[in-house]
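> Sharing a sequence plus its predicted fold:
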Amino acid sequence: MSEEPPRQGSFEVFGEVEPECQDAIDFVEQVLRAKLDDQQMAMLRMYKIRFFKSDEDHGAHVDFEHKEIACNRDDAAMSLQESEDFLVGKGIIEPGDTTTLLRSIKDNPWSTLVSELVHEYGHVLDKNSGGAAYRRLDPSLSPTKYGSKESHEAFADAFRIWIFDGKLNDEAKKAVEDVVYRRGKIE
Ligand SMILES: [Zn+2]
């Protein structure tokens, strides 16, 4: 019996995807691999990406039970500028919350998926790094409006910004780096 070698390469996806979507997924894998170690990447790779179609269920979320990252296909295919404008209109985020980090690709189709996936992998890393209690960042310290509603969202948005070398307050930066570099005990 030989053991399967740990899978290298990009994240796994259910079903066929178009080339631009695959490029977005590959890009996410690359930026995460630049900042995380092999063990962390192996853990993220256990979560397979699944696209769904829905008019009611929007954005993306992690299904921890099935180890899936579920993404609304039509939302994910939008350019980041387009999805940001939409979410700003709904009062969910503020202008620049997503586009400032990814200026060079913000007008490309599927750039929303890039931003979404990094945020969702932030939840995966968070959840798998410290056991049951995984509150990491006080919502009042969230770098984004979206994250200010809840500590897990604050962490995932801080992680997304950290991955893309965006600007973070000291506490948010520390929260992310404590998890990424496994510093200290998490309460
Ligand atoms: Zn989230």
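Perfect, I can see it now. Just so it is clear, the structure is predicted and the values come from calculations on it, not from any experiment. Numbers count the residues shown, from 1 in each chain.

> got the contact list for residue 149?
Neighbouring residues of residue 149 by Cβ atoms under 8 Å, 6 or more residues apart in numbering: residue 139. Any C-beta I mention is one placed from the backbone N, CA and C, and that applies to glycine too.

> How much space separates it from the ion?
Separation of residue 149 from the ion (Cβ to the ion, to the nearest Å): 10 Å.

> And residue 86, by the same measure?
Between residue 86 and the ion the distance is 17 Å, computed by Cβ to the ion.

> ok, that residue - contacts?
residue 78.

> Look up the closest residue to residue 57, ignoring the ones flanking it.
Spatial nearest neighbour of residue 57, excluding adjacent residues (Cβ to Cβ, 6 or more residues apart in numbering): residue 72 at 6.3 Å.

> nope, residue 70 is what I was after
Residue 70 sits nearest to residue 50 (Cβ to Cβ, 6+ apart), 5.1 Å away.

> Which parts of the strand or helix carrying residue 61 count as buried, going by neighbours?
Secondary structure from DSSP states H and E places residue 61 in strand 60-63. Buried residues in strand 60-63, counted by 16 or more other Cβ atoms under 10 Å: 60, 61, 62.
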